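1. here are the coordinates; sequence isn't available:
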């Protein structure tokens, strides 16, 4: 079996247009030694036919699944690359030389992450991730799948995505392996992907579900310290409100630096 440095896994369900966009962004890469895997959840919109016609797809599955993380776990099971990148239908590599630039940097670290372009039609912007990951960052945010290369053996050592969580299983995985298991991380100052903001985690109606799932993860993974984390988060929120207030700006202007 041929060994690859990177496996790219695309999960799709009835998003043929987005899948075609993703496939083309990978097909146009100047670096093409890619183990490319597509996991389709039994689409009925022509996605299966597109997959069958795309010759450079290494492996594919088209069948009903139990959700996005069940599909991702299937992809992990089929992958042969040392590092895995999850690029779901609608997401694209940022430019044609993205992999050519990033693959030589994939070494030693368990998780290597870059920056992400949010391709929002009304408010497009680049999100620059921190050079060092802290619990405070992971408590409030997460690494982005389309901008993060994960060593495949992490899933072998610590388990695949927990399918009890429908939206935040990747966040649960990251906070577990980075905070509790001390997985090594490295930030690369490079935009990896353009993120499709129409995905499940971006929808306003899912924000309460995300918050509840995150709460459940923290209670499972860090039960002894959960209340401390809430206190810490509330303190940070209070300080942020103070810093953004007109009173703080006035105090700063006259030289009073408390809370700065």
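-> Alright, I've got the coordinates. Note that the structure is predicted; figures quoted are calculated from it, not measured.
2. now do the buried residues in stretch 109-120.
-> Within stretch 109-120, the residues that count as buried by 16 or more other C-beta atoms under 10 Å are 109, 110, 111, 112, 113, 114, 115, 116, 117, 119. Yep, even glycine has a C-beta here, placed from its N, CA and C like the rest.
3. same question for stretch 93-102.
-> Buried residues in stretch 93-102 (16+ other C-beta under 10 Å): 93, 94, 95, 98, 99, 101, 102.
4. adding pLDDT, distance to residue 127 and secondary structure, write those residues out as JSON lines.
-> Formatted as JSON lines, these follow (pLDDT from 0 to 100; distance: C-beta to C-beta, whole Å; DSSP: H, G, I helix; E, B strand; the rest coil):
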{"residue": "93", "pLDDT": "98", "distance to residue 127": "16", "secondary structure": "strand"}
{"residue": "94", "pLDDT": "97", "distance to residue 127": "12", "secondary structure": "coil"}
{"residue": "95", "pLDDT": "97", "distance to residue 127": "17", "secondary structure": "coil"}
{"residue": "98", "pLDDT": "97", "distance to residue 127": "16", "secondary structure": "helix"}
{"residue": "99", "pLDDT": "97", "distance to residue 127": "20", "secondary structure": "helix"}
{"residue": "101", "pLDDT": "96", "distance to residue 127": "19", "secondary structure": "helix"}
{"residue": "102", "pLDDT": "96", "distance to residue 127": "17", "secondary structure": "helix"}
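5. wait, residue 133 sits on residue 184?
-> No: judged on C-beta atoms under 8 Å, residue 133 makes no contact with residue 184 at a distance of 10.4 Å.
6. which one's more surrounded, these two?
-> The neighbour count for residue 133 versus residue 184, taken as other C-beta atoms under 10 Å, is higher for residue 133 (21 against 12).
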